[in-house]
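**Q** Okay, sequence plus prediction incoming.
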Amino acid sequence: MTQNSSLPTEIRHNALLQLLSNSLVLNHTTPYLSSYDVLNLAAASRTFRYIVYSTPHIFSRLDLTTVRKAQYIEEKSGRGGEPDGDQTEDDVYSGQLRRIFTSLRCLDILRHVQVLCLDGLSVTSELVHGILTEPTYSVKILSIRDVANMNEGKLRAALQYACRPSRPEGTPRLKGLYVFGPKDSARPALTSSGASTPTSTCTSISWDAAGAGAGGADQEPEAWYAKRGAQFPVLGGSGNTSKWAPWAPTLDACHGIIAFDAVLCTGPRHLNSRAWGTVDIEALNAAGNPASAAVPIHAVATHSLGGCAGCDSAPEGWTIWGEEPPTERDPYERRASEGGTMTTDIGRFPLLAPPPMHSVSLKSAMCPTGQSVYTRLSQFRSKGEQARFIPRCYDCIRDRYCTTCNKWWCEACYVGPWASIPDGEASRAKMADLICRLNAQFANFTPTLGPSIQELLGVRHEQCANAAAEAIV
């Protein structure tokens, strides 16, 4: 006879019920269960049903990425994904999700959802517009990374309209949007019924990794604060930023209202920079810097940098978690109230993946690992303990950033590759000859080397070029 079988029947039957009756245990357990498992728990008995439905915080976080009925299957539409009859594209591509939302609305669950994850699903701009404007939704943080069938132009228009100056008071309810980064790693496969496998609830998930964001040794560094270089996989190291260029006006229009998992570039060539007007653009153009030719007014930051290799900072300064901008301080250096600084945090600090598990607070979504959500405490940390980074777009670091060593030189320390040589054309010819010699030298030692020296060095900034020249002279 085992130890469990020796216990009274009443204790064995009510053990789980007594455990989940503790609201603290319940609220910290259900985020690791799928919505299918939570509803099955509510269907176990009347008592469980009362506990589940009388605790609204259980449904504050809804993740539909693993729900099979939420997956869009193209074969289900009669014409291979095209509208059939009086159907619209929204009916075809978001019909599955709309039916799920209708069921949740009938169960009085939808109004309690504040963190909604739709990563990798078929999501249309009309559906997001409904989440932004319809009163039946109370979503504060929405994740739509790597979704299909999304018209990004209409999505940007809906976001800008929701953040217009003449919007009604208290709108939009949405405060955070994950759209730039890649979706989180896939969870265990689903069964044919749509439920997760028995080991995919709590036993196969690291509590620390899923809750606090501190994963194992093989986990990627935290975006922006720990991970340096390109932040979005779509770049692929090529500097192709055309995908995110149209998003810059949207991020500017939503500044202080909706936070994203990206921020605007703070380089001194942009209007939103604190260092605007401190850099001599004409001198940069004279130095032959191609990034100075046609830099947009606003640009999405695609790279996270450390301090300049020359001055260990940047003309615009660092973006430090918990530190408010200098313009937000009064002449007596008195800090504004915590509530008053929240709008300044939105837009300055990016949302960090994954979306929060145990909180619906926007600061929890933005807070770096190891830092305090209460930003007032961050000012007491030493310089080495601060979470900080410098966000830059590709145009602002072109010809001044080395992709090999992740070092870069700011505009104050390094103007351009031809700043000190009056004959720019001659210097360009000299640099082209140097590149040809470097390629020939590398080809002699490594015949199978695929990338060119430009790709190996990333950019031809002054120190890297000088070091290479000394190596072959």
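**A** Looks like it came in fine.
**Q** What ranges does the stretch 101-250 of the chain have for its strands?
**A** 115-117, 141-143, 176-178, 229-230 (DSSP state E, counting those that start in this stretch).
**Q** With the stretch 251-400 of the chain instead?
**A** 259-260, 303-305, 319-320, 388-392.
**Q** List of residues touching the last one?
**A** This means strand 388-392. The contact list for strand 388-392 (Cβ atoms under 8 Å, 6 or more residues apart in numbering) reads 224-225, 228, 263-267, 301-307, 314, 316, 318-321. Heads up, the C-betas are built off the backbone N, CA and C, glycines and all.
**Q** Who are the contact partners of Asn27?
**A** So Asn27 contacts Thr55, His57, Ile58, His358 (Cβ under 8 Å, 6+ apart).
**Q** at 10 Å instead, please
**A** By Cβ atoms under 10 Å, 6 or more residues apart in numbering, the contact set of Asn27 is Thr55, His57, Ile58, Ser60, His358.
**Q** just to revisit the earlier point, the strands of the stretch 101-250 of the chain: which one's closest to Glu126?
**A** Nearest to Glu126, of all the strands of the stretch 101-250 of the chain, is strand 141-143, at 14.3 Å by Cβ to Cβ.
**Q** Which strands or helices does the closest one pack on?
**A** Packed against strand 141-143, as judged by 3 or more Cβ pairs under 10 Å, 6 or more residues apart in numbering; DSSP states H and E, are the following elements: strand 115-117, helix 125-133, strand 176-178, helix 362-366.
**Q** Pairing partners for that strand, with directions?
**A** Using DSSP bridges, strand 141-143 pairs in its sheet with strand 115-117 (parallel), strand 176-178 (parallel).
**Q** Turn the ones you listed into JSON lines, columns for mean neighbour count and distance to Ser364.
**A** Shown next, in JSON lines, are the strands paired with strand 141-143 (neighbours: other Cβ atoms under 10 Å; distance: least, Cβ to Cβ, whole Å):
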{"stretch": "strand 115-117", "mean neighbour count": "23", "distance to Ser364": "10"}
{"stretch": "strand 176-178", "mean neighbour count": "25", "distance to Ser364": "10"}
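**Q** Same list, the ones you listed, but as TSV with distance to Asn151 and mean pLDDT please.
**A** Below are those laid out as TSV (distance: least, Cβ to Cβ, whole Å; pLDDT from 0 to 100):
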stretch	distance to Asn151	mean pLDDT
strand 115-117	19	95
strand 176-178	16	96
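**Q** Now render the ones you listed as TSV, adding distance to Ala70.
**A** Below are the strands paired with strand 141-143 laid out as TSV (distance: least, Cβ to Cβ, whole Å):
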stretch	distance to Ala70
strand 115-117	11
strand 176-178	17
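**Q** for the protein, which spans come out with low pLDDT?
**A** 1-13, 73-86, 186-219, 233-241, 285, 288-293, 325-343, 375-384, 417-473 (pLDDT under 70).
**Q** Report the buried residues of stretch 388-407.
**A** By neighbour count with 16 or more other Cβ atoms under 10 Å, stretch 388-407 contains the buried residues 388-403, 407.
**Q** And stretch 311-328, by the same measure?
**A** Ala314, Pro315, Glu316, Gly317, Trp318, Thr319, Ile320, Trp321, Gly322, Glu323, Glu324.
**Q** and the helices and strands packed on strand 141-143, which is most packed in?
**A** strand 176-178 (a mean of 25; mean count of other Cβ atoms under 10 Å).
**Q** Please enumerate residues in contact with it?
**A** Applying Cβ under 10 Å, 6+ apart, the contact partners of strand 176-178 are 115, 117-119, 128, 132, 139-145, 155, 159, 184, 250, 254, 258-262, 346, 350-356, 360-362, 365-366.
**Q** picking that back up, mark which of the contacts of Asn27 are buried, thanks.
**A** Thr55, Ile58, Ser60, His358.
**Q** Kindly provide the distance from the nearest residue to the second one once chain neighbours are set aside to Gly267.
**A** To tie it back to what came earlier, the one meant is Ile58. Leaving aside its chain neighbours, Ile58 sits nearest to Thr30 (4.9 Å; criterion: Cβ to Cβ, 6 or more residues apart in numbering). Counting by Cβ to Cβ, to the nearest Å, the gap from Thr30 to Gly267 is 44 Å.
**Q** all helices for the stretch 251-400 of the chain, in order.
**A** Ranges of helices in the stretch 251-400 of the chain, per DSSP state H, counting those that start in this stretch, are 281-286, 342-345, 362-366, 394-397.
**Q** quick one: buried residues of the first one?
**A** Spelled out, it's helix 281-286. By neighbour count on 16+ other Cβ under 10 Å, the buried set for helix 281-286 is Leu284, Ala286.
**Q** which residues does Gln231 contact?
**A** Contacts of Gln231 (Cβ under 10 Å, 6+ apart): 180-181, 223-224, 261-263, 300-304, 350, 389, 391.
**Q** same thing but at 6 Å, please
**A** Ala223, Ser304 (Cβ atoms under 6 Å, 6 or more residues apart in numbering).
**Q** same check, this time on Leu132
**A** Residues in contact with Leu132, defined by Cβ under 6 Å, 6+ apart, are Ala162, Pro172, Leu174.
**Q** quick one: it and Gly370, what's the gap?
**A** Between Leu132 and Gly370 the distance is 33 Å, computed by Cβ to Cβ.
**Q** sorry, back to before: let me know how buried the residue nearest to Ile58 is, in neighbour terms.
**A** Counted with other Cβ atoms under 10 Å, residues neighbouring Thr30 total 22.
**Q** With Arg46 instead?
**A** By other Cβ under 10 Å, 9 other residues sit near Arg46.
**Q** I'd like to know how far it sits from Pro56.
**A** Look at Arg46 and Pro56: by Cβ to Cβ, they are 19 Å apart.
**Q** Check Gln160 too.
**A** For Gln160 relative to Pro56 (Cβ to Cβ), the value is 32 Å.
**Q** just to revisit the earlier point, will you turn the contacts of Asn27 into a markdown table that also has secondary structure and distance to Gln96?
**A** Formatted as a markdown table, the contacts of Asn27 follow (DSSP: H, G, I helix; E, B strand; the rest coil; distance: Cβ to Cβ, whole Å):
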| residue | secondary structure | distance to Gln96 |
| --- | --- | --- |
| Thr55 | coil | 27 |
| His57 | helix | 26 |
| Ile58 | helix | 23 |
| Ser60 | coil | 23 |
| His358 | coil | 28 |
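**Q** and which of those residues is nearest Asp91?
**A** Within these, the smallest distance to Asp91 is 28.8 Å, found for Ser60 (Cβ to Cβ).
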